[in-house]
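Return atomic coordinates for the entry below.
(one chain, ligands or ions: 1)
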Amino acid sequence: MQHGQFVQKANTIAIGDEINLACSGLHQRTLDVLADMYGTDRCYGTEIHGPITINKNIGISIEQGARVHKLMRSYSVKRSLEVGFAYGFSTVWMLDALQSRSNAFHVAIDPWEKHTFHGIGLAQVKRLGFGVRFEWIENFSIHALSDLIRKRAKFDFVFIDGIHRFDDVIVNFYLSDQILQPGGLVVFDDMWLNSVRTATNFILSNRSYEVVPQPCENMLVLRKTRHDNRDWDHFNSFEILGPSKISKPPPPPLSAISNGIMRIRRVLGKISRPGGR
Ligand SMILES: C[S@@+](CC[C@H](N)C(=O)[O-])C[C@H]1O[C@@H](n2cnc3c(N)ncnc32)[C@H](O)[C@@H]1O
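This is a model prediction of the structure:
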């Protein structure tokens, strides 16, 4: 094994351990897929031959994925939807949370999945091979969500991680709210952006949603308490934050990678000695 491959393998093992630690009870295939996605820089997509270098910063962190998974399980979610599919990090966590439920389904909306992300998210969903009904809607969220509203679709969990400008977050929320059942959860990613924080300040001051406390600072989880019943001219002021951003969460610590290197050394040591131990 060459040095580069060795470090890569060690990294994948370390990340696998970290994922297991963050969320026990994942299906083995989910663990394998997530370890590859978080542990390597290159993934296969449906639209191109050979692996493609990915920007892992685009996907949700392991901590966030584990939290989304936990929330979906504890709220017995069966119908989930996400705006922003990309490489499918969030999708893989969400599909695993649904995989033991009967009649579960997941919808991912993204107009650029094949064009910009080479179908990498689609390839990961295929690798999981779960029986969960999965639909990718290749359209802008305004159209996709409006169509779902017209069809009277209902969901119990919505993950909003599309365009992060203030007005886009508000529009995604406004439309998602109309397909979200009371008692359902809506989760906002990238709370490090003041655009997202300001949008959620509006929601908390004006709409019937309450915060579900959870430890991931980069996400806000809200529970819908009832259908919208405001008067036609209702308005509460809300805090508008300035253009500065709090810093983006840091990448995983290097100690995790060195743990992986130690583990792979142990494994390789065992293999190279005749008779194992
Ligand atoms: C931050 S990425 C999503 C990451 C993904 N949730 C994950 O964890 O791997 C944002 C995604 O939003 C998509 N997007 C951009 N404009 C959109 C729109 N109008 N409607 C739906 N998705 C959109 C982009 O193509 C991109 O894939």
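
Burial check on residue 107, number of neighbours?
Neighbours of residue 107 under the rule other CB atoms under 10 Å: 22. C-beta here means a position set from N, CA and C on the backbone, and glycine is covered the same way.

Skipping adjacent residues, who's closest to the residue nearest the centre of the chain in space?
Taking CA atoms, centre = their mean as the criterion, residue 90 is the residue nearest the geometric centre of the chain, at 2.0 Å. Setting aside the residues directly before and after it, residue 90 is nearest to residue 60 in space (CB to CB, 6 or more residues apart in numbering), at 4.9 Å.

So the one you found lies in a helix, does it not?
No - according to DSSP: H, G, I helix; E, B strand; the rest coil, residue 60 belongs to no helix; its state is coil.

So which residues on the stretch 101-250 of the chain come close to the ligand?
109-112, 116-117, 140-141, 161-163 (CB under 6 Å from any ligand atom).

Mind checking which of those residues are in helices?
The helices, defined by DSSP state H, take in residue 141 from these.

Distance to residue 65 and pLDDT added to the residues of the stretch 101-250 of the chain next to the ligand, as CSV?
Shown next, in CSV, are those (distance: CB to CB, whole Å; pLDDT from 0 to 100):
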residue, distance to residue 65, pLDDT
109, 19, 99
110, 17, 98
111, 23, 98
112, 21, 98
116, 21, 97
117, 17, 97
140, 25, 98
141, 21, 98
161, 12, 98
162, 17, 98
163, 21, 98
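
List only buried entries from the residues of the stretch 101-250 of the chain next to the ligand.
109-111, 117, 140-141, 161-162 (16 or more other CB atoms under 10 Å).

Nearest to residue 97, out of the residues you listed: which one, please.
Closest to residue 97 out of these is residue 161 (15.8 Å), distances taken as CB to CB.

Give me the nearest residue to residue 175, chain neighbours excluded.
residue 145 is the one closest to residue 175 (CB to CB, 6+ apart), at 3.7 Å.

so what's the one you found up against?
Residue 145 makes contacts with 83, 109, 172, 175-176, 178-179, as judged by CB atoms under 8 Å, 6 or more residues apart in numbering.

Perfect, that will be all.
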